[in-house]
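Student: Build the 3D model from these lines:
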Amino acid sequence: MANSLASAVAFLSNYRKRDTVFRTAQFGAFFLGGLSQGCWPSLAEKLFKTFKDFSQARLVLRMIDDIPMLAYTLKCSLSREEPDKFLYWSTLLSNLSILIYYPLEHLIWLSDLKFTSLSSEKLWKYAIFCWVLYSAIQIVQIIYKLWIIHSSSKQKVSEDKSTLQLGLLQYICDLLCGLNWMGFGPLHNKLSFTSVGLLGTVSSIVQLHRSLQH
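Tutor: Got it, this is the predicted structure:
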């Protein structure tokens with residue numbers, strides 16, 4: 001009991017891991033809201049509000065993520081520890097996409113609070129495009145790593161096959177959510193609240209599972 005409690009405290013004391021718990025609750029509420037929308041509209045309204053509250057909480061907690069992300073990107077770009085050129089450049093591009101996403105999200109927050117006259121709707125399109133780009137790059141990288149494993153290449157990858165497969169599921173779900181919210185394209189607003197909630201919940205549970213393994 002004491003060991004389990006200590007493990008839970010250690011897990012929740014880590015910002016990144018705690019965020020996965022928030023994200024799971026956030027999309028779980030959205031999924032349940034979509035399910036209950038037809039039968040229990042009052043409950044659905046409360047669940048959608050819960051989704052927005054968790055989303056807002058995570059947004060505020062990400063306000064200082066820019067500096068750690070910048071430091072990580074500079075470390076990756078300057079150290080060149082990754083010998084594979086494709087993985088090196090694609091990782092750099094994915095890091096840059098998230099590095100751009102964070103300031104855009106801050107501007108959206110300021111716009112919603114009327115501190116700036118910028119259009120939050122337009123900014124969201126750019127921000128979600130960065131998220132879609134990041135997810136797409138992660139998918140391509142994972143497929144590339146799985147190809148390396150299956151090809152019996154002398155080149156080694158840091159993750160095992162099952163970890164990569166779970167990551168592939170996570171980023172495919174994220175990509176579909178992003179394409180639905182991006183504001184243009186074939187999937188724009190094509191998915192129901194329930195579908196988006198399910199995709200986000202599956203992605204979050206996978207992310208939570210992967211966090212528990214470390």
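
Student: So the residue nearest the centre of the chain versus residue 168, what's the distance?
Tutor: Centroid-nearest residue in the chain, with CA atoms, centre = their mean: residue 174, separated by 6.4 Å. Separation of residue 174 from residue 168 (CB to CB, to the nearest Å): 11 Å. C-beta here means a position set from N, CA and C on the backbone, and glycine is covered the same way.

Student: Report the helix or strand with the lowest average pLDDT across the protein.
Tutor: helix 66-79 (a mean of 70; mean pLDDT, DSSP states H and E).

Student: And the next helix or strand past it?
Tutor: On the C-terminal side of helix 66-79, the closest following helix or strand by DSSP states H and E is helix 85-112.

Student: what's the angle from the helix or strand that that next one is followed by to helix 85-112?
Tutor: With elements assigned by DSSP H and E, the helix or strand that comes after helix 85-112 is helix 120-150. Interaxial angle of helix 120-150 relative to helix 85-112 (axes from the mean of the first three to the mean of the last three CA atoms, to 10 degrees): 160 degrees.

Student: I'd like the average pLDDT over helix 120-150.
Tutor: The average pLDDT within helix 120-150 is 92.

Student: residue contacts, the nearest residue to residue 100 once chain neighbours are set aside?
Tutor: Nearest residue to residue 100, sequence neighbours excluded (CB to CB, 6 or more residues apart in numbering): residue 130, at 5.2 Å. Neighbouring residues of residue 130 by CB atoms under 8 Å, 6 or more residues apart in numbering: 97, 98, 100, 101, 104.

Student: before we move on, the earlier item: what's the helix or strand for the residue nearest to the centre of the chain?
Tutor: Element membership for residue 174 (DSSP H and E) is helix 161-181.

Student: what separates whichever helix or strand comes after that helix from the chain centre, distance-wise?
Tutor: Next along the chain after helix 161-181, taking DSSP H and E as the criterion, comes helix 193-212. A distance of 10 Å separates the centroid of the chain from that of helix 193-212, by CA atoms, centre = their mean, to the nearest Å.

Student: Could I get the buried residue list for helix 193-212?
Tutor: By neighbour count on 16 or more other CB atoms under 10 Å, the buried set for helix 193-212 is 193-194, 196-208, 211.

Student: Check stretch 130-150 too.
Tutor: Buried residues in stretch 130-150, counting neighbours by 16+ other CB under 10 Å, are found at 130-139, 141-142, 145-146, 148.
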